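Q: sharing a model that was predicted from the sequence below.
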Amino acid sequence: MSEISTLKKPLETAEEYVQSLRDMKTEIWALGEKITGIPDHPLFVPHVNAVAKTYEMPFPVKSHLTGHTINRFNHIHQSTDDLVAKVKMLRALNQQTGCCIQRCAGMDALNATYIVTYEIDQKYGTDYHERFKQFLVYLQDYNLVTIGGMTDVKGDRSKKADQQRDPDLFVHVVAEREDGIVVRGAKAHLTGVSGAHELMVFPTENMKEDAKDYAVVFSCPVNTPGITYIFGRQTNDGRKLDTEHPIDQGNFKYACVGGECIAVFDDVFIPWKDVYMYKEYEFAGMFVEAFATAHRQNYGACKGGIADVLLGATYGICKVNGVERVGHVRDKMADMINLTETLYAGSIACSYEGRPTPSGAWRADTMLANITKHNTTKFVYEIDRIAHDLVGGLLATLPAEADLRNPEIGPLIERYLAGNESMCTEDKIRLYRLVETLSGGTAVVESMHGAGSPQSQRIMMLRDAKLEEKLKLAQKLVDCEGACGGQ
Ligand SMILES: Cc1cc2nc3c(=O)[nH]c(=O)nc-3n(C[C@H](O)[C@H](O)[C@H](O)COP(=O)(O)OP(=O)(O)OC[C@H]3O[C@@H](n4cnc5c(N)ncnc54)[C@H](O)[C@@H]3O)c2cc1C
């Protein structure tokens with residue numbers, strides 16, 4: 001596999017991790033500028049901090065390939081215990097950061113690639129699986145961060161990859177060389193570029209033979225020449241640039257969501273050693289399903305962790321406002337708990353119902369993983385709605401930190417926005433801003449579309465629900481077959 005030239009030794013600490021990003025010099029366009037020095041730029045520092053948490057608070061596990069102790073984000077699940085440990089890790093990390101941890105799409109892409117390369121090799125006698133294992137061991141031993149690029153920009157959604165007006169709206173191979181392939185196109189919504197070393201790219205939909213040039217899976221260092229990253233605007237991201245007034249950002253240490261980019265591939269060369277599927281179009285659908293199942297498994301845990309923080313902040317505001325013991329407030333907090341724990345129960349359940357694949361890697365139960373993600377598209381909105389109800393209108397009308405710091409009007413804010421003695425005004429304001437960022441625009445949309453829109457889960461639910469078998473169950477109970485003679 002292609003090694004990152006600036007990386008001289010395995011990363012052990014969060015400081016070494018951040019330095020490794022500095023050394024890579026990845027560039028990202030944001031707010032009309034090409035930004036270098038990503039890990040030290042205020043737009044990206046909080047996102048990098050969130051990933052750095054996975055180095056400060058590692059969840060070690062033994063690699064099944066080498067026996068070395070590795071970070072669980074680079075692990076291939078070997079049992080239901082591993083699947084359960086995965087979601088417990090996500091909840092714990094999201095509780096600590098209140099932010100998308102940005103490594104799960106990469107972890108899920110690694111597991112999906114492991115599963116599918118094994119199957120392709122079985123059919124075609126190719127060596128994708130061995131190739132991929134070399135890459136995996138490199139990631140594991142150097143303790144690197146990988147992100148996952150699945151979602152193409154897609155253009156006209158009613159058309160498949162090879163039917164688009166512009167052939168580059170899905171990433172595809174435009175040239176084959178002796179030493180590798182050349183890819184072109186664009187991926188959307190790519191989480192975690194600012195904190196990543198490596199990128200896995202894979203198809204977004206199942207494919208037929210005509211689309212075989214789009215059936216490609218590969219890895220590359222994020223700073224590979226020819227890739228242009230364009231950062232998405234987030235709700236209130238201008239506040240990140242006001243570094244003297246961090247409170248206004250809400251979650252100023254760790255940001256909100258992962259920080260997403262469009263990644264444009266302008267004839268990017270990928271050596272064969274980094275290619276794990278090429279033209280085996282009939283495996284694109286298997287890849288999508290393996291990745292989607294693994295990714296949907298996560299949502300009750302990661303969003304559960306964030307909901308824990310939101311509940312805590314909401315409770316704190318209710319306390320300082322003196323309403324935390326009021327009946328309807330307790331009822332609504334109980335609803336927040338119920339929704340959060342139901343989400344988490346889904347992640348736990350699909351993990352315990354996981355099964356081994358022919359590759360030896362374990363994957364979560366597809367139906368329950370889809371249910372988990374589908375619940376997330378609704379429950380997070382409801383949890384946020386209750387939080388907005390309980391904290392009151394100050395959530396929308398709170399003055400800026402600059403006003404709080406102003407010697408003339410600051411004391412007015414201190415006095416007139418004070419609650420009871422359980423908290424000072426400034427701390428109350430900090431919690432309000434946290435609620436704002438955890439439950440505001442960008443963060444909520446991730447619950448809807450991250451890991452696929454709700455319809456994509458409904459399609460899988462209906463496919464796997466075995467409706468005809470369920471009809472038979474019903475008919476058997478009421479003797480339908482006997483009564484009609486099967487006609
Ligand atoms: C915060 C965030 C982080 C993300 N991170 C990543 C990431 O790291 N990596 C990654 O690969 N992706 C990532 N995604 C992308 C995510 O998987 C997609 O947003 C999701 O799959 C929906 O795709 P879309 O945004 O193109 O919306 P669309 O597909 O355009 O969906 C919009 C609506 O159109 C409907 N629709 C679309 N196509 C059809 C069709 N053919 N027939 C009928 N209805 C259709 C959908 O069901 C939906 O209701 C992220 C998204 C968000 C919001």
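A: Looks like it arrived, so ask away. The shown structure was predicted, so the numbers you read here are calculated from the model rather than taken from an experiment.
Q: so residue 109 sits right up against residue 148, yeah?
A: Yes - with contact defined as Cβ atoms under 8 Å, residue 109 and residue 148 form a contacting pair (3.7 Å). No exception for glycine: its C-beta is placed from N, CA and C like everyone else's.
Q: count of residues packed around the closest residue to residue 279 other than its chain neighbours?
A: With sequence-adjacent residues excluded and distances taken as Cβ to Cβ, 6 or more residues apart in numbering, residue 279 is closest to residue 212, at 4.4 Å. Number of residues near residue 212 (other Cβ atoms under 10 Å) recorded here: 18.
Q: what does the one 10 residues further on give?
A: The number of residues packed around residue 222, counting by other Cβ under 10 Å, is 28.
Q: same question for the one 10 residues further on.
A: Here the number of neighbours of residue 232 (other Cβ under 10 Å) works out to 17.
Q: right, and it touches residue 258 too?
A: No - using Cβ under 8 Å as the test, residue 232 is too far from residue 258 to be in contact (10.0 Å).
Q: returning to what we had before: okay, the residue nearest to residue 279 and the ligand: tell me how far apart.
A: When distances are taken as Cβ to the nearest ligand atom, to the nearest Å, residue 212 and the ligand turn out to be 20 Å apart.
Q: confirm that residue sits in a helix?
A: Yes - assigned with DSSP: H, G, I helix; E, B strand; the rest coil, residue 212 falls within a helix.
Q: now the helices for the stretch 151-300 of the chain?
A: Remark: helices of the stretch 151-300 of the chain, listed N- to C-terminal, are 284-320; assignment by DSSP state H, counting those that start in this stretch.
Q: return the residues of the stretch 351-487 of the chain in contact with the ligand.
A: 445, 446, 449, 450, 451, 452, 453, 455 (Cβ under 6 Å from any ligand atom).
Q: show me what counts as buried in the host helix or strand of the first one.
A: Spelled out, that is residue 445. Using DSSP states H and E, the element containing residue 445 is helix 441-449. For helix 441-449, a neighbour-count test (16 or more other Cβ atoms under 10 Å) marks 442, 443, 444, 446, 447 as buried.
Q: among these, which one lies nearest to the ligand?
A: When these are compared for distance to the ligand (Cβ to the nearest ligand atom), residue 446 wins out at 3.6 Å.
Q: next up, the contacts around residue 410.
A: For residue 410, the set of contacting residues under the criterion of Cβ atoms under 8 Å, 6 or more residues apart in numbering consists of 403, 404.
Q: list phi and psi for it.
A: Dihedral angles of residue 410 (phi, psi; degrees, to the nearest 10) stand at phi -50, psi -50.
Q: and residue 101, how many residues sit next to it?
A: A count of neighbours around residue 101, defined by other Cβ under 10 Å, yields 26.
Q: before we move on, the earlier item: ok, the residue nearest to residue 279 to residue 162 distance?
A: 9 Å (Cβ to Cβ, to the nearest Å).
Q: now do residue 397
A: The span separating residue 397 from residue 162 equals 51 Å under the rule Cβ to Cβ.
Q: neighbour count: the two, which is higher?
A: When neighbours are counted by other Cβ under 10 Å, residue 397 and residue 162 differ, and residue 162 comes out ahead with 17 against 8.
Q: isn't the more buried one up against residue 205?
A: No - taking Cβ under 8 Å as the contact criterion, residue 162 and residue 205 are not neighbours in contact, 10.9 Å apart.
Q: got the buried residues for stretch 139-155?
A: Neighbour-count burial for stretch 139-155, with 16+ other Cβ under 10 Å as criterion, is recorded at 139-140, 142-155.
Q: and the two most separated of the residues you listed?
A: Using Cβ to Cβ, the pair of those lying farthest apart is 143 and 155, separated by 37.9 Å.
Q: quick check, nearest of the residues of the stretch 351-487 of the chain next to the ligand to residue 251?
A: When those are compared against residue 251 (criterion: Cβ to Cβ), the nearest one is residue 446, at 13.6 Å.
Q: what's near enough to touch the nearest residue in space to that closest one that is not next to it in sequence?
A: Setting aside the residues directly before and after it, residue 446 is nearest to residue 257 in space (Cβ to Cβ, 6+ apart), at 5.0 Å. Residues in contact with residue 257, defined by Cβ under 8 Å, 6+ apart, are 99, 100, 191, 234, 442, 443, 446.
Q: and if we set it to 6 Å?
A: The neighbourhood of residue 257, defined by Cβ atoms under 6 Å, 6 or more residues apart in numbering, consists of 100, 442, 443, 446.
Q: redo the residues you listed as JSON lines? Include pLDDT and distance to residue 187.
A: Shown next, in JSON lines, are the contacts of residue 257 (pLDDT from 0 to 100; distance: Cβ to Cβ, whole Å):
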{"residue": "100", "pLDDT": "95", "distance to residue 187": "17"}
{"residue": "442", "pLDDT": "88", "distance to residue 187": "19"}
{"residue": "443", "pLDDT": "88", "distance to residue 187": "21"}
{"residue": "446", "pLDDT": "94", "distance to residue 187": "17"}
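Q: ranges for the strands of the stretch 201-350 of the chain?
A: Applying DSSP state E, counting those that start in this stretch to the stretch 201-350 of the chain gives strands spanning 216-221, 227-231, 260-271, 275-278.
Q: among these, which comes closest to residue 87?
A: Comparing the strands of the stretch 201-350 of the chain against residue 87 with Cβ to Cβ, the closest turns out to be strand 260-271 (22.5 Å).
Q: give me the contact list for that closest one.
A: Applying Cβ under 6 Å, 6+ apart, the set of residues contacting strand 260-271 from outside is 171, 179-191, 193, 218, 220, 224, 226-232.
Q: show me just the buried residues among those.
A: Buried residues within the contacts of strand 260-271, counting neighbours by 16+ other Cβ under 10 Å: 171, 180-191, 193, 218, 220, 224, 227, 229-232.
Q: and the stretch 1-150 of the chain, which residues reach the ligand?
A: By the rule Cβ under 6 Å from any ligand atom, the part of the stretch 1-150 of the chain lying against the ligand is 105, 148, 149, 150.
Q: just give the nearest non-adjacent residue to residue 196, would you?
A: In space, residue 196 comes closest to residue 147 once its chain neighbours are excluded; the distance is 4.4 Å by Cβ to Cβ, 6+ apart.
Q: which outside residues touch the helix or strand hosting the one you found?
A: According to DSSP H and E, residue 147 maps onto strand 146-149. Outside strand 146-149, the residues that touch it by Cβ under 6 Å, 6+ apart are 105, 106, 109, 187, 190, 192, 196, 198, 199, 200, 201.
Q: any idea which of these is closest to the ligand?
A: Taking Cβ to the nearest ligand atom as the measure, the ligand sits nearest to residue 105 out of the contacts of strand 146-149, at 4.1 Å.
Q: any idea of the mean pLDDT in the helix or strand containing that closest one?
A: Element membership for residue 105 (DSSP H and E) is helix 104-124. Across helix 104-124, pLDDT averages out at 98.
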